[in-house]
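>>> here is my input, please return the structure:
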Amino acid sequence: MTLADAKIPELDETTAKALRLPVGLTSPLWLMIGSAAMVGAAFFWATKWMTPVNVEALLPTPKVLPKPEPEVEAAIEKAADVAPELVEEIVEAPVLEALAEAVPEPEVVIDPVIEAPVALEPDDLTVMTGIGPKMAAMLAEKGFTRFAQIAAWSEDEIAVLDKEMKLMGRVAREAWVAQARRLAGV
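Next up is the predicted model:
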C-alpha cells in the first residue's frame, strides 16, 4: 500500500486551524521575545553609556612644588650677593614662578588705609558639584570655608574627613580637591 492509497481522515476545523498556525522561526511568539530582548539590551546600554562622568575625578592630580624653606631662600639670597650669574643658572625663572603659584593665598588681608587685618568672606562651597547647603554647613563646622583650604587637602586629611563625616568616598568620587583647585585658581 502506498501513501497515495492511504486514507487520510478529515480534520475538524480546530485541528486544521492549529496546524496552519506558524510554528518555529515564523511564530509571532519569537517576534515578541526578540523585541523584548532588544528593548532590554537598548535600555541596558543607554543607562550604561549615558551616566554622567566627572572628568576631573578621572584626571591625575597635578604635582605641586613645595614651598621653599626659609633657610634655602636665605642661602639663595646670600649666593646672589656673591655670584649672581651662578644663581641665575641654578634657579631658573619657571621654577620660581611655579613656587610662587603654589603658595596659597592668605586668609587675612591687611587693609592699607587702617592697617588692620580684615577677614575675607567665605567662598560659596555650594558652587562645587556634590556640595549642597547641608554639606557646606558641615564643612564650615570643621573650619573649611574657602576653596584654597579644600584644594590643600592631603590624602590623609581626606581619609579622616571621610570617616568622620561618613562621606563614603564622595570627596574622591566627585573630585572636590580638583574642583576647589580650579575655583581657587591654584
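>>> Val177: how many residues sit nearby?
Val177: 22 surrounding residues under other Cβ atoms under 10 Å. (Glycine included, C-beta is placed from N, CA and C.)
>>> er, Met138 I mean
Met138 has 16 neighbours, counted by other Cβ under 10 Å.
>>> what's the local residue count around the closest residue in space to it that isn't next to it in sequence?
What sits nearest to Met138 in space, not counting adjacent residues and going by Cβ to Cβ, 6 or more residues apart in numbering, is Met165, at 6.1 Å. For Met165, the count of nearby residues is 15 (other Cβ under 10 Å).
>>> and what of Val39?
Burial measure for Val39: 10 neighbouring residues, criterion other Cβ under 10 Å.
>>> contacting residues for Leu125?
When contacts are counted by Cβ atoms under 8 Å, 6 or more residues apart in numbering, Leu125 touches Ile131, Met135, Ala136, Leu139, Ala140, Phe144, Thr145, Phe147, Ile150.
>>> let's see the helix ranked longest in the chain as CSV, backbone CA atoms only.
Selection of the longest helix in the chain by residue count, based on DSSP state H, yields helix 28-49. What follows is the C-alpha trace of helix 28-49 in CSV, where atoms were taken according to Å, rounded to 0.1, in the frame of the first residue of the first chain:
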residue,chain,number,x,y,z
PRO,A,28,4.7,35.5,16.4
LEU,A,29,5.9,34.4,19.9
TRP,A,30,9.5,34.6,18.7
LEU,A,31,8.9,38.1,17.4
MET,A,32,7.6,39.2,20.8
ILE,A,33,10.6,37.6,22.6
GLY,A,34,13.1,39.1,20.2
SER,A,35,11.6,42.6,20.5
ALA,A,36,11.6,42.3,24.3
ALA,A,37,15.2,41.3,24.3
MET,A,38,16.1,44.2,22.0
VAL,A,39,14.3,46.7,24.3
GLY,A,40,16.1,45.3,27.3
ALA,A,41,19.5,45.5,25.6
ALA,A,42,18.8,49.0,24.4
PHE,A,43,17.8,50.1,27.9
PHE,A,44,20.9,48.5,29.5
TRP,A,45,23.4,50.2,27.1
ALA,A,46,21.5,53.5,27.3
THR,A,47,21.8,53.6,31.1
LYS,A,48,25.4,52.3,31.0
TRP,A,49,26.7,54.8,28.4
